Structure formats: structure tokens, C-alpha cells
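Peer 1: coordinates only, sequence not included:
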């Protein structure tokens, strides 16, 4: 999906005009997300823009205390590692191999 074709109807992102987009790889699929977003905010952006995922944001503290945004990723330098998405910057060098438990991949049968 081209970012220009994305449906940005969510009010959360309407007032924000990203200057630059970077690639975020989740289970091998590449998404374009604003470069200044934390990883958790990028997950929200992917869910609202691409409609491939749902994320329950009411379960997140956004400060690392709840650990509901724990994810696993593959990094070129670190190998496999874990991190809290709310405390991480979105980085093109990582590939998500496990998403937070509050996020789920939508299937074709589910209403997007």
C-alpha cells in the first residue's frame, strides 16, 4: 500500500503532518510509518492506517510500567532481543518477530 493511498481518517493522526516516513517490518511485511514515532505509536499508526492489525491502547500506560507493549525483534547487531515499544524509537534496522499481547493480526474474515 502506498502511503498516499492510506486512509488517515483517525483523528489521532489528522493534525500531525509527518515530515519523513521510514520502513517498519512486522513479520516480514513492510509498513511506512512516520520517523518521529515511538514503536508503540507506530503500531497504532499501522493498525489505523493499514487495517492489518487491531491494538487495544487502553491497556497501555505509555511509560513502561505495565509491560503490555513488550515485543520481540530481530536486530542486525543485537540478534533477537526484547523491548518495550513505548520506550523504543521506530528503527528501520529491526524486524518485529513478536507483537505486544494487546495487538492482533486481523484475518480476512474479521471486520476491518
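Peer 2: Received, thanks. What you see is a predicted model; the values in this text were computed from it and never measured. Numbering: from 1, shown residues only.
Peer 1: centre of the chain versus the longest helix belonging to the chain, how much separation?
Peer 2: The helix spanning the most residues in the chain, taking DSSP state H as the definition, is helix 39-50. Relative to its chain's centre, helix 39-50 lies at 4 Å (CA atoms, centre = their mean, to the nearest Å).
Peer 1: Give the next helix or strand downstream of it.
Peer 2: strand 53-55 (DSSP states H and E).
Peer 1: average pLDDT across that following strand?
Peer 2: For strand 53-55, the mean per-residue pLDDT is 96.
Peer 1: Okay, now the sheet partners of it, with direction.
Peer 2: strand 103-105 (antiparallel) (DSSP bridges).
Peer 1: Look at residue 32 and say how many residues are nearby.
Peer 2: Neighbour count of residue 32, defined by other CB atoms under 10 Å: 19. C-beta coordinates here come from the backbone N, C-alpha and C atoms, glycine included.
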